[in-house]
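Any chance you can model this:
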Amino acid sequence: LRREGALAFYRGVGSPLVALTVLNSVSFSTLRAAKDGLGIGPIRPGGMDLRVAVAGALVGPVTSVVSTPFELVKTQMQLPGVRYTNTPDAFWRIARTHGVHRLWTGFTVNMVRESTFMAAYFCCYEHMKAQFAGNGLLGQGVGIMCAGGLGGMLAWATSLPLDAIKANVMGQDLGGRLRGNIEVTKHILRERGIAGLYRGFGPTVARAFFVSGVRFSSYELAMQFLTDGLQR
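Numbers count the residues shown, from 1 in each chain. As a prediction, this is how the structure comes out:
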């Protein structure tokens, strides 16, 4: 705060905001396509269909193509001593200095993370929504928000170690020798132990409940609005 002011806390926030706008559209549309392809119908209260997890995992390779450059730019912008004017400037300078391919540094671990995250995210949400809203345990709106929140908590709890590895891979000096995923993992375990893979677990999982609850509520509301509009 003393050196850079309150705005330092928001450095690199433009990249994930833009990415989330695109990724929300891509992830939900890809999930719908995957569910249709696997023949997955609505889940009944008390029922279980683990194919939803498979459909969610199939979202990962698609979203990671989009998310990897944005995640890399966000990570690079948050490094101490690195100065970029804004997100487009960071994209341009990284591509010009290190090559366009460097924007996809960490793609493999990010793809695995995305697949793990989406599998837990959507599977938990679909089943919890059926229990809460379908059983009448909670009102439709509250049920969807709680189901989304629990989905977010489970997704982050399962994928946080992969996120830690991804952040360390993407946080390297792009102009030097880049360590691979296994080498980075060994370094984290050697320096910090298993706890290093779960740094920030509590705040991350707690935040996920609120963020994911709002995300799914917004999605369901938008879909209902579009459905009602088409039926008129």
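
Give the burial count for residue 52, as a bare number.
By other Cβ atoms under 10 Å, the residues close to residue 52 number 22. All C-beta atoms are positioned from the backbone trio N, CA, C, and that covers glycine.

swap that for residue 108, please
There are 15 residues near residue 108, going by other Cβ under 10 Å.

Ignoring the adjacent residues along the chain, who's closest to residue 204?
Of all residues not flanking residue 204 in the chain, residue 156 sits nearest, at 5.4 Å (Cβ to Cβ, 6 or more residues apart in numbering).

Verify the stated contact: the one you found with residue 211.
No - applying Cβ atoms under 8 Å, one finds residue 156 not in contact with residue 211, separated by 9.5 Å.

So for those two, which sits in the more crowded spot?
In terms of neighbours (other Cβ under 10 Å), residue 156 is the more surrounded of residue 156 and residue 211; the figures are 23 against 15.

Run through the residues that contact that one.
Neighbour list for residue 156: 117, 163, 204-205, 208 [criterion: Cβ atoms under 8 Å, 6 or more residues apart in numbering].

change it to 10 Å
Counting by Cβ atoms under 10 Å, 6 or more residues apart in numbering, residue 156 touches 117, 120-121, 163, 200-201, 204-209, 211-212.

And those residues, which of them are buried?
117, 120-121, 163, 204-205, 208-209, 212 (16 or more other Cβ atoms under 10 Å).

Cross those residues against helices and list the overlap.
Residues of the buried ones among the contacts of residue 156 located in helices (DSSP state H): 117, 120-121, 163, 204-205, 208-209, 212.

Adding distance to residue 76 and pLDDT, write these out as a markdown table.
As requested, those are exported to a markdown table (distance: Cβ to Cβ, whole Å; pLDDT from 0 to 100):
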| residue | distance to residue 76 | pLDDT |
| --- | --- | --- |
| 117 | 22 | 97 |
| 120 | 28 | 98 |
| 121 | 26 | 97 |
| 163 | 16 | 97 |
| 204 | 21 | 96 |
| 205 | 26 | 97 |
| 208 | 24 | 96 |
| 209 | 29 | 97 |
| 212 | 26 | 95 |
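
And those residues, which is closest to residue 80?
Nearest to residue 80 among those is residue 163, at 20.1 Å by Cβ to Cβ.

which residues sit in contact with the spatially closest residue to the closest one that is not a sequence neighbour?
In space, and not counting its chain neighbours, residue 163 is closest to residue 113: 5.8 Å by Cβ to Cβ, 6+ apart. Going by Cβ under 10 Å, 6+ apart, residue 113 touches 60, 64, 67, 71, 106, 158-166.
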